[in-house]
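> model this:
(2 chains)
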Amino acid sequence: MTTDAVSRSSAAHNEEMVPRYTLAERVNHWIGALAYIYLLITGLAFWSPYLYWLAAVVGGGPVARAWHPWVGLIFTASLFWSFKQWHGDMKIDDADRAWAKAIPNYIQNEDDKLPPVGRFNYGQKLFFWAMFYSVILLLLSGITLWYTEALPWSLRFVRYAAILIHASVALFTIGLFLIHVYMSAILEEGSFGSMVHGYVTRAWAWTFHRSWYEQVSGGSRRVQ
Amino acid sequence: MSQAATELIRISGHAGVVPGAGLNREFRVAKLVDTTTCIGCKACEVACLEWNGYPFSETTFDNTYQTMPETAWNYWNLIKFNEHEREDGSMMLLMRKDQCMHCEDPGCLAACPADGAIVQYANGIVDFQEANCIGCGYCMTGCPFNIPKFSPKARKVFKCTLCNDRVSEGLEPACIKACPTGCLHFGTKAEMKELAETRAQQLREQSGFADAGVYDPPGVGGTHVIYVLHDAKNPELYGGLPKDPHVPMSVRLWKGPLKWLGNLAIVGGIVGMAFHYMRFGPKKEEEIKPDEDGRRR
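I've put the predicted structure just below:
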């Protein structure tokens, strides 16, 4: 007889909630998310004449130009804060390399065939580090674009580099952002809620992050 | 003027067609600056300030005739002085009136993201419309001549208009009006080009300037301000006039291939994800299976 199943049904056990994200992690995530969405709207407005109307939605071209850099600083701060919160959990290890080999299973939603996953899976880790290094490039090129007039003419190659880097890296992050939103808000049921209220079900944790679940549930002896 | 919109042939950051291309009969205009007859009197600078209503700026002294290092947002016209020592040891004081070149293929306009902040009229004049300017400064990156200048007060960018307000009323630009030596000319591009070539030929054949020539750089499609230079092989001597100006490669890449690649990637990514969802559906949590000991954690 299992110790935990004495008085409770299997369904109740499966649906019991375990904490996944602290309040600080969630607040930071949504600060970053809102900042990114603002940057995306204004950035796309500057990207194409056919999307320039997006600037009107957030107060017009000059307002978008004035705020985009400041919101960029907020986004950067949010990413640095999440580095502080998560860099330990985001270390890429041998388990991740094994998981990477099984990625076709992940894409085909055969999660039961994947090696057990810690708090974050390899894809999440790649997303984190790609976003982290992108924001550093965006910050450096963005400051250059912010104060173009302060850059002497003899250093104009910096302007040329900045304009290409800022656009290319921004496009790269749009790819990351789209994948992130798709996977967490649409594809993987239960993920979006966990970033709002902070909890996932035992079954969710067991299915998608089994190693992490074993840690937080205290190993096989201490159930619940 | 009612036909003002149809006089536009290029509009920055503009989605869709430009109204004016080829509709109106318009002469392409040009300003000719003959550096060989310029005496550096700066009357053109004063006329420019007078006409455009800007105050005279503080000058700087750097042991040369140069009164300030470069044009400013409220100082659009500046004589660049260069004391040049020739190979035979003789000195030449090279003087060039620096201002917007009004490129046929303007880099500022190509780089500008704001709808209608930079326009090109059918007569060739490239003009900033400050009401539409958002102050991003991309034009400063697009320009190969270091002309657009940002005003921190207005948070917008300004430059020489080629006195579009005067030209559209049939007057010549203010700088032309003020020039005492006749080194400045204004007319159709064809006329000015012809006059410039005649003068360059004269310099080559009669004045001993074997390398005299006309500066009308093809890299930017030609310009609507052209120069006669004693030494057309070394335009850099004339206060840093670029030898072969182009719209910067990075601006071309950014506005060309990168744009299409990026747009395709975004749309392709969204379509790909939609297909993935339809093919494989959502990831659902599974019921916890008991381990070997029969424990369900």
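
> Chain A: helices as residue ranges?
Secondary structure of chain A (DSSP state H): helices at A:10-15, A:23-47, A:53-57, A:61-86, A:94-101, A:103-107, A:122-146, A:156-181, A:191-197, A:202-208, A:210-216.

> Same list, these, but as TSV with distance to chain B please.
To be clear about C-beta, it is placed using only N, CA and C from the backbone, and glycine gets the same treatment. Shown next, in TSV, are the helices of chain A (distance: least, Cβ to the nearest Cβ, whole Å):
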stretch	distance to chain B
helix A:10-15	6
helix A:23-47	4
helix A:53-57	8
helix A:61-86	4
helix A:94-101	15
helix A:103-107	7
helix A:122-146	7
helix A:156-181	4
helix A:191-197	9
helix A:202-208	4
helix A:210-216	7
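
> Please tabulate these in JSON lines, including the columns mean pLDDT and distance to B:Ile147.
As requested, those are exported to JSON lines (pLDDT from 0 to 100; distance: least, Cβ to Cβ, whole Å):
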{"stretch": "helix A:10-15", "mean pLDDT": "84", "distance to B:Ile147": "67"}
{"stretch": "helix A:23-47", "mean pLDDT": "98", "distance to B:Ile147": "21"}
{"stretch": "helix A:53-57", "mean pLDDT": "96", "distance to B:Ile147": "25"}
{"stretch": "helix A:61-86", "mean pLDDT": "97", "distance to B:Ile147": "20"}
{"stretch": "helix A:94-101", "mean pLDDT": "92", "distance to B:Ile147": "52"}
{"stretch": "helix A:103-107", "mean pLDDT": "93", "distance to B:Ile147": "52"}
{"stretch": "helix A:122-146", "mean pLDDT": "97", "distance to B:Ile147": "19"}
{"stretch": "helix A:156-181", "mean pLDDT": "97", "distance to B:Ile147": "12"}
{"stretch": "helix A:191-197", "mean pLDDT": "96", "distance to B:Ile147": "49"}
{"stretch": "helix A:202-208", "mean pLDDT": "92", "distance to B:Ile147": "57"}
{"stretch": "helix A:210-216", "mean pLDDT": "90", "distance to B:Ile147": "59"}
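
> for these, which one sits closest to B:Arg86?
helix A:156-181 (29.4 Å; Cβ to Cβ).

> and the stretch 1-150 of chain B, which of its residues are near chain A?
Contact residues (Cβ under 8 Å from any Cβ of the partner chain) of the stretch 1-150 of chain B with chain A: B:13-15, B:70, B:111, B:113-115, B:132-138, B:140-141, B:146, B:149-150.

> Now residue 92: phi and psi?
I'll assume chain A. Note on A:Ile92: its backbone torsions stand at phi -90, psi 130 [degrees, to the nearest 10].

> My question was about chain B, not that one.
phi -130, psi 140.

> Can you flag the buried ones in the residues of the stretch 1-150 of chain B next to chain A?
B:13-14, B:70, B:111, B:113-115, B:132-138, B:140-141, B:146, B:149-150 (16 or more other Cβ atoms under 10 Å in any protein chain shown).

> Please name the nearest non-neighbouring residue to B:Ala43.
For B:Ala43, the nearest residue in space outside its immediate sequence neighbours is B:Ala178; the separation is 4.2 Å by Cβ to Cβ, 6 or more residues apart in numbering or on different chains.

> contacting residues around the one you found?
With Cβ atoms under 8 Å, 6 or more residues apart in numbering or on different chains as the criterion, the residues that contact B:Ala178 are B:Ala43, B:Cys44, B:Val46, B:Ala47.

> who wins for neighbours among the residues you listed?
Compared across the contacts of B:Ala178, B:Cys44 has the highest neighbour count, 25 neighbours, by other Cβ atoms under 10 Å in any protein chain shown.

> hmm, who's touching the host helix or strand of that residue?
B:Cys44 is part of helix B:43-52 when elements are defined by DSSP states H and E. If you take Cβ under 8 Å, 6+ apart as the criterion, helix B:43-52 is touched by B:55-56, B:75-79, B:97, B:99, B:160-161, B:163, B:166, B:174-180, B:184.

> Could you give me the PyMOL selection string for whichever of those residues are buried?
Those of these that count as buried under 16+ other Cβ under 10 Å are selected in PyMOL with:
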select buried, chain B and resi 75+76+77+78+79+97+99+160+161+163+166+174+175+176+177+178+179+184
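
> Could you tell me what pLDDT the model assigned to the residue nearest to A:Ser48 when sequence neighbours are not counted?
If you skip the residues right next to it in sequence, A:Ser48 has B:Lys259 as its closest partner in space, 7.0 Å away by Cβ to Cβ, 6+ apart. The predicted local confidence for B:Lys259 comes out at a pLDDT of 95.

> thinking again about what came up before, please tabulate the helices of chain A in a markdown table and include distance to B:Gly213 as additional columns.
Output for the helices of chain A, formatted as a markdown table (distance: least, Cβ to Cβ, whole Å):
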| stretch | distance to B:Gly213 |
| --- | --- |
| helix A:10-15 | 84 |
| helix A:23-47 | 40 |
| helix A:53-57 | 45 |
| helix A:61-86 | 42 |
| helix A:94-101 | 63 |
| helix A:103-107 | 63 |
| helix A:122-146 | 37 |
| helix A:156-181 | 26 |
| helix A:191-197 | 67 |
| helix A:202-208 | 72 |
| helix A:210-216 | 74 |
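
> right, and A:Lys125 touches A:His87 too?
No - under the criterion of Cβ atoms under 8 Å, A:Lys125 lies out of contact with A:His87, with a separation of 10.3 Å.

> okay, these two: which has more neighbours?
In this comparison of A:Lys125 against A:His87, neighbours counted by other Cβ under 10 Å, the higher total goes to A:Lys125 at 20 against 12.

> any idea how far the more buried one is from A:Tyr36?
When Cβ to Cβ, to the nearest Å is the yardstick, A:Lys125 and A:Tyr36 sit 19 Å from each other.

> Likewise for B:Cys183?
Taking Cβ to Cβ as the criterion, B:Cys183 is separated from A:Tyr36 by 56 Å.

> and if you look at B:Gln120?
Between B:Gln120 and A:Tyr36 the computed distance is 36 Å (Cβ to Cβ).

> and among the helices of chain A, the most buried is which?
Across the helices of chain A, the average number of neighbours (mean count of other Cβ atoms under 10 Å in any protein chain shown) peaks for helix A:202-208, which reaches a mean of 24.

> Need the contact partners of it.
The set of residues that contact helix A:202-208 without belonging to it, under Cβ under 8 Å, 6+ apart, is A:13-18, A:20, A:111-112, A:117, A:121, A:188, A:190, A:194, A:212-213, A:216-217, B:283-288, B:297.

> With stretch B:181-195 instead?
B:27-39, B:41, B:44, B:97, B:124, B:172-173, B:175-176, B:214, B:216, B:222, B:224, B:226.

> repeat for stretch A:110-123
Contact with stretch A:110-123 is made by A:86, A:89-90, A:92, A:95-100, A:102-103, A:105-106, A:128, A:183, A:207-212, A:214-215, B:283, B:286, as judged by Cβ under 8 Å, 6+ apart.

> and that stretch, which residues are buried?
If you call a residue buried by 16+ other Cβ under 10 Å, then stretch A:110-123 has these buried ones: A:Asp111, A:Leu114, A:Pro115, A:Val117, A:Gly118, A:Arg119, A:Phe120, A:Asn121, A:Tyr122, A:Gly123.

> What segments of the stretch 101-250 of chain B are helices?
Counting by DSSP state H, counting those that start in this stretch, one finds helices in the stretch 101-250 of chain B at the ranges B:107-111, B:138-142, B:164-167, B:174-178, B:189-206, B:249-255.
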